[in-house]
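Participant: just to be clear, the model below is a prediction. Sequence and coordinates:
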2 protein chains.
Amino acid sequence: MFVSMTDRKKEILSLAQALFREKGYAATSVRDIAAAAQVEPASLYSHIKGKEELLDAICFEMADKFLKAIGEVNDIYFDAVQKLAMAVKNHIQLLTEHPDASVVFLRDWRYLSDDRKDEFIKLRDRYEEGFRAIVRKGVDEGAFNEVDVRFAALTILSSLNWVVEWYHEEGKLQPNEIADQLTKFVLTGLQKELPVTYGLVTN
Amino acid sequence: MFVSMTDRKKEILSLAQALFREKGYAATSVRDIAAAAQVEPASLYSHIKGKEELLDAICFEMADKFLKAIGEVNDIYFDAVQKLAMAVKNHIQLLTEHPDASVVFLRDWRYLSDDRKDEFIKLRDRYEEGFRAIVRKGVDEGAFNEVDVRFAALTILSSLNWVVEWYHEEGKLQPNEIADQLTKFVLTGLQKELPVTYGLVTN
DNA sequence: CATGGATACGAACATTCGTTAGGCAAATAT
DNA sequence: ATATTTGCCTAACGAATGTTCGTATCCATG
């Protein structure tokens, strides 16, 4: 992560991520970050232009990762169910691989400057559109129920995103298992299919 | 809301809610709230003990509402599916009826003081336990798939909570319609049940 | 050896922060 | 009519905020 950067700067970004996640961007001071980096506050400015650059880097790096992930899915897979499964898997993969950055990405992007925030929202919408496209494809092909596409895509993403709130690496569930369970949940829901009664044709 | 309070204090709390929602608790200053109330900052302290009292009131008022809602559900309804439908309906009802307070409740509770935060988390866990109980009941009765109860309850709540991010009162979907769609989604998922082939007994 | 970038420092800046003190006028209660 | 409460004011406090300035040290490259 954070390519084309000094090692020290990457380190600072990494520390900032953790602090932003823990306390929130607005409640994290430059002095907090400096303390974490074991450096005087002023020294940070040898590496960064300002506090917002840190937030900016985190948000747009993650946006880039998510967009690449959904791009691959829509390039490679054909079946809507397969696409969805892969999109979920990639999404969970990113959330669990970069838990700090993900929380900041999901929660603190609105502290970006107005211009950058607008840009960010566009990227996020492109990502959501990736999910909408999958749902739409599923509906068109008759594989999915005729749901409101926008509504469904947002609901799916919602159920995925909360994972960062309770996921810990020590936990018993592995990212792929989480993804599998979520995919199954999204596709078939909670309710058990009632077994077809012997001899009765229900259609 | 905010029973046993001066009208003026209720007004201030209402304004604070909107600001906290818009900018986040940490990024909202007492002066912002004072300006919204068209009053000098110092005047607020005739009504409140401090900034945190506002956050505290919002979080615990909402916690109370949510707990009452799930309490009713578990008192009245018997069937797990019915319980779930009602829990979802009540949850969406509260989210859409108090959108500002809900966002603060869901997002900014961690800026409570350590003591109050601990209390809050207990209440939140009791609410989640209400959902776990429903899922558990459904599994025990054979109505639901044999899912991880904790995992399922959190996923359901996640998919519900994101509603506050995109719900606007002008929108075409009414709270009850949102609740119905979400209930259906949670119960049966996205995938269309394949029609049973004529004459073939699939069980 | 000289140069320049990377990294860090102490000191200080202007602002903003949450909050307190003390007072004053209008509304309310006795 | 008097006393009390309510609501707001001006002024100011100390602390914390993000950031700038000028300088010093290290290290790799010319």
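Facilitator: That came in fine, so what should we check first?

Participant: contacts, neighbours, all on C-alpha from now
Facilitator: OK.

Participant: what helices and strands are in contact with the host helix or strand of A:Asp115?
Facilitator: Element membership for A:Asp115, per DSSP states H and E: helix A:114-140. For helix A:114-140, the packing partners by 3 or more Cα pairs under 8 Å, 6 or more residues apart in numbering or on different chains; DSSP states H and E come out as helix A:51-76, helix A:80-97, helix A:149-161.

Participant: need the ones you listed in a markdown table (columns: distance to B:Ala42 and mean pLDDT).
Facilitator: Shown next, in a markdown table, are these (distance: least, Cα to Cα, whole Å; pLDDT from 0 to 100):
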| stretch | distance to B:Ala42 | mean pLDDT |
| --- | --- | --- |
| helix A:51-76 | 30 | 97 |
| helix A:80-97 | 44 | 98 |
| helix A:149-161 | 40 | 97 |
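
Participant: out of the ones you listed, nearest to DNA strand C?
Facilitator: For the helices and strands packed on helix A:114-140, the distance to DNA strand C is smallest for helix A:51-76, at 14.3 Å, taking Cα to the nearest atom of the strand.

Participant: returning to that earlier point: quick one: buried residues of the helix holding A:Asp115?
Facilitator: Within helix A:114-140, the residues scored as buried using 16 or more other Cα atoms under 10 Å in any protein chain shown are A:116-117, A:120, A:123-124, A:126-139.

Participant: and what of stretch A:74-89?
Facilitator: Buried, per 16+ other Cα under 10 Å, within stretch A:74-89: A:74, A:80-81, A:83-89.

Participant: got it, and stretch A:17-34?
Facilitator: Using 16+ other Cα under 10 Å as the test for burial, stretch A:17-34 gives A:17-21, A:24-25, A:27-30, A:32-34.

Participant: re earlier: for B:Phe2, find the nearest of the helices and strands packed on helix A:114-140.
Facilitator: Nearest of the helices and strands packed on helix A:114-140 to B:Phe2, taken as Cα to Cα: helix A:149-161 at 29.8 Å.

Participant: helix or strand for A:Leu13, which one?
Facilitator: Using DSSP H and E, A:Leu13 sits in helix A:7-23.

Participant: quick one: that helix to chain centroid distance?
Facilitator: Its chain's C-alpha centre and that of helix A:7-23 lie 18 Å apart, by Cα atoms, centre = their mean, to the nearest Å.

Participant: which residues are contacting the helix or strand just after it?
Facilitator: With elements assigned by DSSP H and E, the helix or strand that comes after helix A:7-23 is helix A:30-36. Helix A:30-36 has contacts (Cα atoms under 8 Å, 6 or more residues apart in numbering or on different chains) with A:12, A:15-16, A:19, A:40-41, A:43-44, A:51.

Participant: pLDDT wise, what is the nearest residue to A:Asp79 once chain neighbours are set aside at?
Facilitator: Nearest non-adjacent residue to A:Asp79, counting by Cα to Cα, 6 or more residues apart in numbering or on different chains: A:Gly138, 8.0 Å away. Here, the pLDDT recorded for A:Gly138 equals 97.
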